[in-house]
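Enquirer: Please work out how this folds:
(2 chains)
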2 protein chains.
Amino acid sequence: MDLSFTIPLSGGITVLVILYLVWYIFKADRGDPAMQEIALAIKQGAMAFLKRQYTTIAILAVIVAIILSIMSKDGLHTPLAFIIGALCSALAGFIGMYVSVNANLRTASAARKSLNDALKISFRGGAVTGLAVTALSLLGVAGLFYMFDGFNNPREAPLLIVGFGFGASFVALFAQLGGGIYTKAADVGADLVGKVEAGIPEDDPRNPAVVADLVGDNVGDCAGRGADLFESTAAENIGAMILGIALFPAFGVNGILFPLVARAFGLLASIVGIFLVRNHDDESEDPNPMASLNIGYAVTSILSTIAMYFVTDQMINKNGSGLYFFGCAVIGIITSYLFVLVTQYYTDFKYSPVRQIARSCQTGPATTIITGFAVGLESVVAPVIIISAALLSSHYLGAISGIPDGGVYGTAVATMGMLSTCAYILAMDTFGPITDNAGGIVEMSQQPANVRFITDLLDGCGNTTKAITKGYAIGSAALATFLLFSAYLDEVQLLDKTFNRVVDIGKPEVFVGGFFGAMLVFLFTSTAIRAVSHAAQYVIREVRRQFREIKGIMEGTAKPDYATCVDIVTRGALKQMILPGVIVVVVPILVGVFLKAEAAASFLMVSTMTGVLMALLLNNGGGAWDNAKKCIELSGVYEGKNSEAHKASIVGDTVGDPFKDTAGPSLHVLIKLLSTITLVLASFYV
Amino acid sequence: MDLSFTIPLSGGITVLVILYLVWYIFKADRGDPAMQEIALAIKQGAMAFLKRQYTTIAILAVIVAIILSIMSKDGLHTPLAFIIGALCSALAGFIGMYVSVNANLRTASAARKSLNDALKISFRGGAVTGLAVTALSLLGVAGLFYMFDGFNNPREAPLLIVGFGFGASFVALFAQLGGGIYTKAADVGADLVGKVEAGIPEDDPRNPAVVADLVGDNVGDCAGRGADLFESTAAENIGAMILGIALFPAFGVNGILFPLVARAFGLLASIVGIFLVRNHDDESEDPNPMASLNIGYAVTSILSTIAMYFVTDQMINKNGSGLYFFGCAVIGIITSYLFVLVTQYYTDFKYSPVRQIARSCQTGPATTIITGFAVGLESVVAPVIIISAALLSSHYLGAISGIPDGGVYGTAVATMGMLSTCAYILAMDTFGPITDNAGGIVEMSQQPANVRFITDLLDGCGNTTKAITKGYAIGSAALATFLLFSAYLDEVQLLDKTFNRVVDIGKPEVFVGGFFGAMLVFLFTSTAIRAVSHAAQYVIREVRRQFREIKGIMEGTAKPDYATCVDIVTRGALKQMILPGVIVVVVPILVGVFLKAEAAASFLMVSTMTGVLMALLLNNGGGAWDNAKKCIELSGVYEGKNSEAHKASIVGDTVGDPFKDTAGPSLHVLIKLLSTITLVLASFYV
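Expert: From the prediction side, this is the model:
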């Protein structure tokens, strides 16, 4: 059955829903003037950052596009796709950020009324990002497929679209890096001078860096993670389409379009889930907004599963193969769920790992760090087992489906299953910084305690959903690697008929390629972490200058100059993102050009394995330290706030900040950028 | 030319030299009764630990030997070799430790006379370990070769000796793990209760854990590192011999015996270097014992190079191939030298990385940890490039030598070149804990300042040489992997004629094998680090108990019960070494048995790559933190001792302790244990 009409249909519906949600948010109450003033400062700062960042990225992207045009062997398809991918990614980031800096104020205002209102506005703000990102990726890839005459030319078109994925991951890398460096430099800088030197609390309006800190939540978590998942869905769609080429004899164009149709149904399922989120009982003694988010996620998962049964049955079913592929999709959805569980186990203070760290805080910062590092290292074990099990079982199901080359396609279908709930997950993620910002606005405009209680409650939820998204993003990255890797081997084989699809790490140059891949992960992590330190230095110097030169800040008689602080972090972060970004683009090209295609493949594989492990270590270790601090603060164990144990836990949290919000998430992007860059440049490696 | 007579000859000469050195040490002055009392406590503690440890290891080894006998398909050769390897390794550790716990007292006593006397006794004490370890490994492998009738059966014998390497690395793993956990648990425990809670200085005789701390230096650094390098030289000799089988048509038995002859000449070169070490100018204002150690190393390297020219020319020279292989050996010697330079750059406070960490100490423990972690991550880059360059260039030289299959043999010769200075390097290493102990004895027996100055000077040298050895050990491990990996492929091919020596990571199960390999490194590191925390808890509890129950300790009127403390750390460390040790043995077997030979190969390769990187991160990061603290203490920057910066640097140092002295060095052993275990069990994976 030809289901390709569902792609534009679902895209169109999603656009209408986005418009409705935007109308819903913008019509809400904008609060009092004190709130509006702060929100305006955040909005201006965020937009100023985005403008400068996009200018920098545009320059870099144009350089890459020119190089691609010169080098291109297949006309201007790849550079064109690259530019469209880059533009779509930037647009997705912009939409998410724009809605989020408007939803924060309205959430803060709604928190004066009820939890339900605040939850609905903030979650729907996040939903705009989730839907926009997923729809743009779907429509972008589908649009290029039509543009490159895919229906008449189905076996060549997917390879021409690869540039779209490269453009998306190129922008995502710099968006995530720049945003991640910005947010943590502002955070660390504000804390070190404000809390430590001047002795004023967090989010205190007297701190000149406080607005920069709130801006950071938007640029790091909204724009950064939006770009991250945009390129995830794009790269994985394209990779799966390329694998679909090999199944052309069995399924025709349906095998190639299956990933897009699956995504289209996933979007619709996510829309249903999104509209279910509301707090049902505002009168409850112990309100739990997380329960409502979980209901939405469960419904989205169930609807996706049903849709997957229908789509596999209609599109990739030959002699009963549909049921096998449906099994693969279910494996993907289960994998996604297991990743959520494991991430929660390692980062939530209900469970043993975070409690161990909290306990070790009693013996000082050194034992806090050692235990947290050990927890982070250990947290990679379950994900590796889950990914391996998903990979082997979906490959096995695909292989016994009776379709030639069905094995790898099985893993592709599993990846599609995992990503079918993407829009909903992303909505939960962007919900986090909106509530975080709303809390900041409430604090800075000195609202009463019951308002702060509601935003705190939502903020706590947001921390959990952010951690979940990171686990989800790295899980899908890992599962997708194998798919992109196979697509790369397919492409090399098309270019070089003598290539036998073997990547033999027993050869010295292939071993060296892999070794360099692992090394790149370490080097990139090092430069990303250092970038935060360097950028934080700018903030520290500027805050000290303002305290010294603007008389009356500490007494509250003069206002600090927030805008200059924002500007300085912006310039610092963008300057510092260049080195790690360039390393990631240049090293794989050098390996491919000098050591050739097989070494490039080994580079890709080993860097992915190491990158996944390092990202898990950084994300989970950082999250666990964060929550060990929260555990001591909230549950009052080990003498609670301001005790020696609490001070040690703050050291852990500060160490974890660049781990979990800069280096870790950037590694997700790195993994997929390496895949797309290798795919695009395959012709130079043979 | 048949040079095989040089193996027993060189072995015999070495034994005579060892006897002379032991006589030289034991005839030296034993100091005053106060010194002797402390030294006796250390000696008793170390021997008690060794006895208990060897009992535990013996039980584990017997279990493995029985399993090997039952599973064996080639008679009792492998279990027999395993037992002999395990015994030799234990003997090497025992000799090194025994001499070291006697040399420490005599060094302390000699420090009352002159720097030259103290240097000579301590270095010659180290030399006994270096020579004993290398000679035992050489004579063990050669002895088994004769025993298994190698001259009449040269193409089968090397494969039967593999068990020797497995035995050696099995013992080494537990020796390094147990010793590493012991030394850091005692150190951390003594510091946390003594310095932090009771407020008494380091090495203070009132601290009940102080003797355990001094014992730790011996069991961790002497016995542990001795076992580590014993299995390095053994495993690499055997690996190279197996590769020599493929060259049988060209060189006959000479290709197989070349590694042993090269080692024999290296031993003689090291002996010359060892006797050159003395402090030439006791009257100097700024005495520098390191200069003298460097002269000895340079002479050893030059003599080894000359010997390598002779041996390659005589043994593996056919149509001029000798010169190519000599080139490979030179590459190995240069690699070793470059590793020493890189390690010094990242861990010596003369250079930028350590200074950056020291600077970041000004902004507190969090920035100290972040910067140190970034430095550790960055420090992997140069070693990866050096190893890759050595691998590719020696493989290339071997391949163009005109000998079929010469490429891999080229890398084997390079490894032999790198290891030719092994005995000397190991002497420098064991010198470290001897001087460290001598310093402790001097401190505890309250000698005058000029004596303490001499032991401090030697101790500083010892820290540098210890860092160098770690760099050397991991470099040789990395280079050797490729060799052991090729040997494994050779063996699988012998067992399964259909195996085409290809390890294709494009296959799902092979990818999963590699992924598990990387994961194992993270899991092992996590458990090793946690083991230290757990064992330290026993120490903390016991020290607190003694302070509470033995009245008068703090006033100096009652003596603490050192022996009980030693006993408790011993039992704690041995209990904690079981879990990480068993993981390392069990996981590769599971991968091999369930995913088969190709996945096991990929497991081996990826775990090696990741293991090398992780070990470098841990060793160099830990070393850099240690020296950042020393930098602040000695050069008085950032307000020197007891400043806030100094306190932050202590946090860094404490975090680095289990990194650099427990997990890092254990990873060297892990890498080679995985190789030997895979080689021994190859027949179960096909």
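
Enquirer: make it CA atoms for all contacts and neighbour counts henceforth
Expert: Fine.

Enquirer: C-terminal to the strand or helix carrying A:Met35, what's the next element?
Expert: Assigned by DSSP states H and E, A:Met35 falls within helix A:33-71. Toward the C-terminus, helix A:33-71 is succeeded by helix A:77-110 as the next helix or strand (DSSP H and E).

Enquirer: Show me what counts as buried in that next one.
Expert: A:77-110 (16 or more other Cα atoms under 10 Å in any protein chain shown).

Enquirer: what angle sits between it and helix A:33-71?
Expert: 170 degrees (axes from the mean of the first three to the mean of the last three Cα atoms, to 10 degrees).

Enquirer: tilt between the helix or strand following helix A:77-110 and helix A:77-110?
Expert: Heading C-terminal from helix A:77-110, the first helix or strand you meet, by DSSP H and E, is helix A:115-147. Angle of helix A:115-147 versus helix A:77-110, following the same axes, to 10 degrees, is 170 degrees.

Enquirer: and helix A:115-147, what does it pack onto?
Expert: Helices and strands touching helix A:115-147, by 3 or more Cα pairs under 8 Å, 6 or more residues apart in numbering or on different chains; DSSP states H and E, are helix A:6-26, helix A:77-110, helix A:157-190, helix A:225-246, helix A:253-276, helix A:422-444.

Enquirer: gap between the helix holding A:Met35 and the chain center?
Expert: Mean C-alpha position of helix A:33-71 versus that of the full chain (Cα atoms, centre = their mean, to the nearest Å) differs by 18 Å.

Enquirer: Buried residues, that helix. List them.
Expert: Result for helix A:33-71 [16+ other Cα under 10 Å]: buried residues A:35-36, A:38-39, A:41-50, A:53-54, A:57-58, A:60-61, A:64-65, A:68-69.

Enquirer: And stretch A:385-399, by the same measure?
Expert: Those would be A:386-388, A:390-399, for stretch A:385-399 by 16+ other Cα under 10 Å.

Enquirer: can you list the weak-confidence ranges in the stretch 201-350 of chain A?
Expert: A:280-286 (pLDDT under 70).

Enquirer: 50 - rerun?
Expert: Within the stretch 201-350 of chain A, not a single segment meets pLDDT under 50.

Enquirer: Which of the helices or strands spans A:Gly517?
Expert: Here A:Gly517 is assigned to helix A:508-549, by DSSP H and E.

Enquirer: That helix packs against which elements?
Expert: Secondary-structure packing of helix A:508-549 (3+ Cα pairs under 8 Å, 6+ apart): helix A:157-190, helix A:562-635, helix A:664-680, helix B:365-378, helix B:381-399, helix B:562-635.

Enquirer: mind running it again at 10 Å?
Expert: helix A:157-190, helix A:562-635, helix A:644-658, helix A:664-680, helix B:365-378, helix B:381-399, helix B:406-419, helix B:562-635 (3 or more Cα pairs under 10 Å, 6 or more residues apart in numbering or on different chains; DSSP states H and E).

Enquirer: count of residues packed around the residue lying closest to A:Ala127 once chain neighbours are set aside?
Expert: In space, and not counting its chain neighbours, A:Ala127 is closest to A:Ala427: 4.1 Å by Cα to Cα, 6 or more residues apart in numbering or on different chains. Other residues near A:Ala427 come to 29 when the count uses other Cα atoms under 10 Å in any protein chain shown.

Enquirer: Excluding chain neighbours, what is closest to the residue in the stretch 301-450 of chain A that chain B sits nearest to?
Expert: Here the stretch 301-450 of chain A gets closest to chain B at one residue, A:Ala374, 4.5 Å apart by Cα to the nearest Cα. Counting by Cα to Cα, 6+ apart, B:Ser526 is the residue found nearest to A:Ala374 once chain neighbours are left out, at 4.5 Å.

Enquirer: Let me see the confidence value for the one you found.
Expert: pLDDT recorded at B:Ser526 is 96.

Enquirer: and it, what does it touch?
Expert: A:370-379, B:520, B:580, B:663 (Cα atoms under 10 Å, 6 or more residues apart in numbering or on different chains).

Enquirer: what's around A:Pro658, how many residues?
Expert: Residues near A:Pro658, counting by other Cα under 10 Å: 30.

Enquirer: what's the closest of the helices and strands packed on helix A:115-147 to B:Val193?
Expert: If you check each of these against B:Val193 by Cα to Cα, helix A:157-190 wins as the nearest, at 31.8 Å.

Enquirer: Show me what secondary structure element comes after the closest one.
Expert: Going down the chain from helix A:157-190, the next helix or strand is helix A:210-216, by DSSP H and E.

Enquirer: May I see the buried residues of that next one?
Expert: Applying a neighbour-count criterion of 16+ other Cα under 10 Å, one finds A:210-216 buried in helix A:210-216.
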